[in-house]
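Undergrad: Here's a sequence, model it:
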Amino acid sequence: MRYFFFSIIFYLSFVTSTLALDCRQDLLTENSDGEMLQTLSGDVFEALAGDSIIAFLWLPMTNLLICGPHYFDYKGTTYEIFDITNIDDGEKISALSIISSSTPSQTSGNCYNSSITKPTPFMGNNDEVFVLLDGSVWQIKYEYEYMYEYYPSVVACPNEGYVIVNGTKLNAVVLR
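TA: Below you'll find the model as predicted:
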């Protein structure tokens, strides 16, 4: 009986600490070498330096516990940092929020969701010029991916100088 009582106390302490940290459970849908993680709810996270090695082996459909955000200010910019725990393996990383499901079309770093309309297919190679659905013109820089994607969905981050295509982060600049 005493063990039962202690197990209930332990369970309640875990549940209340989880609720206090504003945590939620989600599933991993895409993992780009542990650097970019996308969840079933549409959130996209960028693992902090060193943590991408831990997240590298996380498989799609892994159960995640996402806690946060913790806010970090650096040179006048506020970043949202989340603690992400792989429930299946017990591994924990910290990651920046790139896209949050609470703001589906706009993100904390002026990133937004769009699609590539031209060229078809999109390759993701150096100096390739492409047009997004909103009419903005971008150019890939220093990347050679050979993606062969037709009208892919992207996360465009003009202020940070990159786009994310199918979980792959590509350096890009806005031409107009």
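Undergrad: what does the average pLDDT come to for stretch 48-58?
TA: For stretch 48-58, mean pLDDT is 91.
Undergrad: Endpoint to endpoint, it covers what distance?
TA: 15 Å (C-alpha to C-alpha, to the nearest Å).
Undergrad: Any idea how far that stretch is from the middle of the chain?
TA: 12 Å (C-alpha atoms, centre = their mean, to the nearest Å).
Undergrad: Can you give the contact residues for that stretch?
TA: Stretch 48-58 has contacts (C-beta atoms under 8 Å, 6 or more residues apart in numbering) with 28, 31, 33-35, 37, 47, 81, 84, 86, 89, 91-96. C-beta coordinates here come from the backbone N, C-alpha and C atoms, glycine included.
Undergrad: again with stretch 29-45
TA: Contacts for stretch 29-45 (C-beta under 8 Å, 6+ apart): 26-28, 46-47, 51-61, 64, 66, 82, 84, 95-101, 104, 155, 164, 166-169.
Undergrad: Would you mark the buried spots in that stretch?
TA: Using 16 or more other C-beta atoms under 10 Å as the test for burial, stretch 29-45 gives 29, 31-32, 34-39, 43-45.
Undergrad: Now do the strands in this protein.
TA: 23-32, 36-39, 44-47, 63-74, 77-86, 91-99, 112-118, 129-132, 137-140, 153-157, 162-165, 168-174 (DSSP state E).
Undergrad: Each with direction, which strands does the second one pair with?
TA: Which is strand 36-39. strand 23-32 (antiparallel), strand 44-47 (antiparallel) (DSSP bridges).
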